[in-house]
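A.B. asks: Can you look at this prediction? I've put the sequence above it.
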Amino acid sequence: MDEMIRGTAAGVPFLARPPERPTDATPLVVGWHLMDPPRSEAAMAAALPMAAVPAWRVYLRLPEYGEQREVTRRAAEDYVLKLIDPIVSTASGEFPAALGQLRSQLGTDGPLGLFGGSAGGAVALQVLTEQDVDVIAAALVNPVVQLERVTDGVAKWFGRPYPWTDESRAVAARMDFVARADELRKRHPDLALLLVRGEEDEPEFREPLGRLATVSNAELIDIPGMEHALAAEPGIEPAPQNEDARRVDEAFSDWFSRYLST
């Protein structure tokens with residue numbers, strides 16, 4: 001049983017990889033793709049198949065995430081209020097309903113794990129911090145941990161400072177997961193959290209991730225030579241797994257196999 005299942009759960013498109021012999025107690029691992037390659041659920045499923053994990057592996061599509069030219073336009077207009085916040089907060093808010101329908105469609109009440117990369121990692125962190133879902137383990141690669149740092153880094157790419165306002169600063173505070181680490185731990189005191197970062201990723205991703213690992217008692221893995229993306233451009237269609245993705249896939253697979261059991 002290895003064919004992927006394509007469907008929607010509470011309006012959220014997903015791809016699901018089934019385990020060999022699913023039961024009603026099979027673990028469920030659910031996650032979100034990057035905004036860099038792999039930037040679709042199909043490309044994420046190819047990059048991180050987690051074939052060794054005896055669980056359903058489900059890849060959700062980020063909402064309001066369309067053609068790359070439109071994404072770049074929205075980022076240039078207002079990276080926080082027109083791009084990141086609508087995507088991350090919508091995905092986080094719709095997750096509990098999507099999870100309920102996923103469990104019903106896939107026929108499992110097994111333990112839950114979350115994964116994600118970059119903006120998809122921020123979704124997972126926001127779910128862990130704000131949503132009432134029982135999560136046993138999580139594994140994130142190069143996530144957005146402090147939105148203010150990332151936004152200022154993106155602004156340099158556009159060649160002008162980001163025009164911070166009270167509204168955008170409130171969003172950045174909500175997505176400062178170092179500052180909110182106590183909230184996450186109070187909601188999930190026994191969470192097994194794995195953080196993976198590329199040694200060649202930008203400092204606005206790497207440095208906050210290191211701080212989050214310290215304050216949240218998470219395990220931190222550095223991958224030599226890896227940058228931010230896990231696949232080559234354009235990153236929409238499934239592609240052969242590259243060496244960076246293979247190493248992340250191996251780390252995620254080991255983590256979920258260790259901490260999720262029926």
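C.D. replies: Alright, I've got the coordinates.
A.B. asks: so where's the stretch 151-262 of the chain shaky on pLDDT?
C.D. replies: 262 (pLDDT under 70).
A.B. asks: In it, mark out all the strands, start to finish.
C.D. replies: 192-198, 219-223 (DSSP state E, counting those that start in this stretch).
A.B. asks: So which of the ones you listed is the most surrounded?
C.D. replies: Mean neighbour count (mean count of other Cβ atoms under 10 Å) peaks for strand 192-198 among these, with a mean of 23. For every residue, glycine as well, the C-beta is placed using N, CA and C.
A.B. asks: what's it packed up against?
C.D. replies: Applying 3 or more Cβ pairs under 8 Å, 6 or more residues apart in numbering; DSSP states H and E, we find strand 192-198 packed against strand 137-141, helix 203-216, strand 219-223, helix 243-259.
A.B. asks: In stretch 133-140, which residues are buried?
C.D. replies: 133, 135-140 (16 or more other Cβ atoms under 10 Å).
A.B. asks: Among the helices and strands packed on strand 192-198, which comes closest to residue 159?
C.D. replies: Taking Cβ to Cβ, helix 203-216 is the member of the helices and strands packed on strand 192-198 nearest to residue 159, at 16.4 Å.
A.B. asks: Mind giving me the packing neighbours of the closest one?
C.D. replies: Here helix 203-216 touches helix 147-158, helix 181-187, strand 192-198, strand 219-223, going by 3+ Cβ pairs under 8 Å, 6+ apart.
A.B. asks: Need these in a markdown table (columns: distance to residue 76).
C.D. replies: Output for the helices and strands packed on helix 203-216, formatted as a markdown table (distance: least, Cβ to Cβ, whole Å):
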| stretch | distance to residue 76 |
| --- | --- |
| helix 147-158 | 6 |
| helix 181-187 | 32 |
| strand 192-198 | 25 |
| strand 219-223 | 30 |
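A.B. asks: which stretch among those comes nearest residue 254?
C.D. replies: strand 192-198 (8.8 Å).
A.B. asks: Which residues does the closest one contact?
C.D. replies: Residues from elsewhere that reach strand 192-198 (Cβ atoms under 8 Å, 6 or more residues apart in numbering): 136-143, 205-206, 209-210, 212-213, 216-223, 225-228, 244, 248, 251-252, 255, 258-259.
A.B. asks: List the buried residues of the lengthiest helix in the chain.
C.D. replies: In the chain, with assignment by DSSP state H, the single longest helix is helix 85-106. For helix 85-106, a neighbour-count test (16+ other Cβ under 10 Å) marks 85, 87-92, 94-95, 98-99, 101-103, 106 as buried.
A.B. asks: what angle separates the helix or strand following that helix from strand 192-198?
C.D. replies: Sequence order places strand 112-117 as the next helix or strand after helix 85-106, per DSSP states H and E. Calculated by axes from the mean of the first three to the mean of the last three Cα atoms, to 10 degrees, strand 112-117 forms an angle of 10 degrees with strand 192-198.
A.B. asks: Taking helix 147-158 as reference, get the angle to the longest helix of the chain.
C.D. replies: Using the same axes, to 10 degrees: helix 85-106 against helix 147-158 is 120 degrees.
A.B. asks: for helix 85-106, what is the average pLDDT?
C.D. replies: Mean pLDDT, computed over helix 85-106, is 98.
A.B. asks: Packing partners of it?
C.D. replies: So helix 85-106, by 3+ Cβ pairs under 8 Å, 6+ apart, packs with strand 5-9, strand 12-17, strand 28-32, strand 56-60, helix 119-130.
A.B. asks: Quick check: beta-bridge partners of the nearest residue to residue 221 once chain neighbours are set aside?
C.D. replies: Using Cβ to Cβ, 6 or more residues apart in numbering and skipping the chain neighbours, the partner closest in space to residue 221 is residue 196 (4.8 Å). When bridges are called by DSSP bridges, residue 196 pairs up with residue 141, residue 221.
A.B. asks: could you measure residue 196 against residue 248, distance?
C.D. replies: Counting by Cβ to Cβ, to the nearest Å, the separation of residue 196 from residue 248 is 6 Å.
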